[in-house]
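Enquirer: Provided below are the primary sequence and the corresponding predicted coordinates.
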Amino acid sequence: MTSAPPSRPRSWRHWSLVAFGWTCVGLGVVGAVLPVLPTTPFLLLALWAFGRSSERFHGWLLNHRWLGRYVAEWERHRVIPVRAKVAALTAMAVSLTWAVLSSTAPWYALAAMAAVMAYGAWFVLSKPSRPRAE
């Protein structure tokens, strides 16, 4: 009877990436419910973190019944489907409108929010919607 080779201890980097990945999954799930918080960017960050720290969690996220659809196309083809683009841009527009009309935040905070959203919108729109034809 042979025993399995001893596994080496995990580094602080491994555990930091796993913790970051799960934090992003949590924020992504909350973002699926709250219009102010985006879902897809957090899930993409989680996918990145899990891809560098845990094959198990990376595979879990890619194959998840609900969350996997947000990240699978990005992982495979580096595309953002039109439906996801529309959802992201709509959520950003609704969130910004809501913040401007109902918030007591100072103008510069709202301007910073708008600038971050503009960058997010540019990023989403700059990516292809379908995989390239081979």
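Expert: Done, it's in. Numbers count the residues shown, from 1 in each chain.
Enquirer: Helices along this protein, start to end?
Expert: 12-33, 40-51, 55-63, 68-77, 82-102, 107-126 (DSSP state H).
Enquirer: Mind putting those into TSV with distance to Arg132?
Expert: Yep, even glycine has a C-beta here, placed from its N, CA and C like the rest. Below are the helices of the chain laid out as TSV (distance: least, C-beta to C-beta, whole Å):
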stretch	distance to Arg132
helix 12-33	27
helix 40-51	20
helix 55-63	21
helix 68-77	8
helix 82-102	15
helix 107-126	15
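Enquirer: Quickly compare those helices and say which is most buried.
Expert: helix 40-51 (a mean of 21; mean count of other C-beta atoms under 10 Å).
Enquirer: got the angle for that helix vs helix 107-126?
Expert: Counting by axes from the mean of the first three to the mean of the last three C-alpha atoms, to 10 degrees, helix 40-51 lies at 70 degrees to helix 107-126.
Enquirer: Which other helices and strands does helix 40-51 contact?
Expert: helix 12-33, helix 55-63, helix 68-77 (3 or more C-beta pairs under 8 Å, 6 or more residues apart in numbering; DSSP states H and E).
Enquirer: Now tell me what touches the last one from outside.
Expert: Contacts of helix 68-77 from elsewhere in the structure, counted by C-beta atoms under 8 Å, 6 or more residues apart in numbering, are 28, 39-40, 43-44, 46-47, 61-62, 79-81, 84, 128, 131-132.
Enquirer: For that helix, list the C-alpha coordinates in PDB.
Expert: Provided in PDB are the C-alpha atoms of helix 68-77 (Å, rounded to 0.1, in the frame of the first residue of the first chain):
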ATOM      1  CA  GLY A  68     -21.100  30.400 -15.800                       C
ATOM      2  CA  ARG A  69     -23.000  32.000 -18.700                       C
ATOM      3  CA  TYR A  70     -21.600  35.400 -17.700                       C
ATOM      4  CA  VAL A  71     -18.000  34.300 -18.100                       C
ATOM      5  CA  ALA A  72     -17.800  31.300 -20.400                       C
ATOM      6  CA  GLU A  73     -17.800  33.200 -23.700                       C
ATOM      7  CA  TRP A  74     -15.200  35.500 -22.300                       C
ATOM      8  CA  GLU A  75     -13.000  32.600 -21.300                       C
ATOM      9  CA  ARG A  76     -13.400  30.800 -24.600                       C
ATOM     10  CA  HIS A  77     -13.400  33.600 -27.100                       C
END
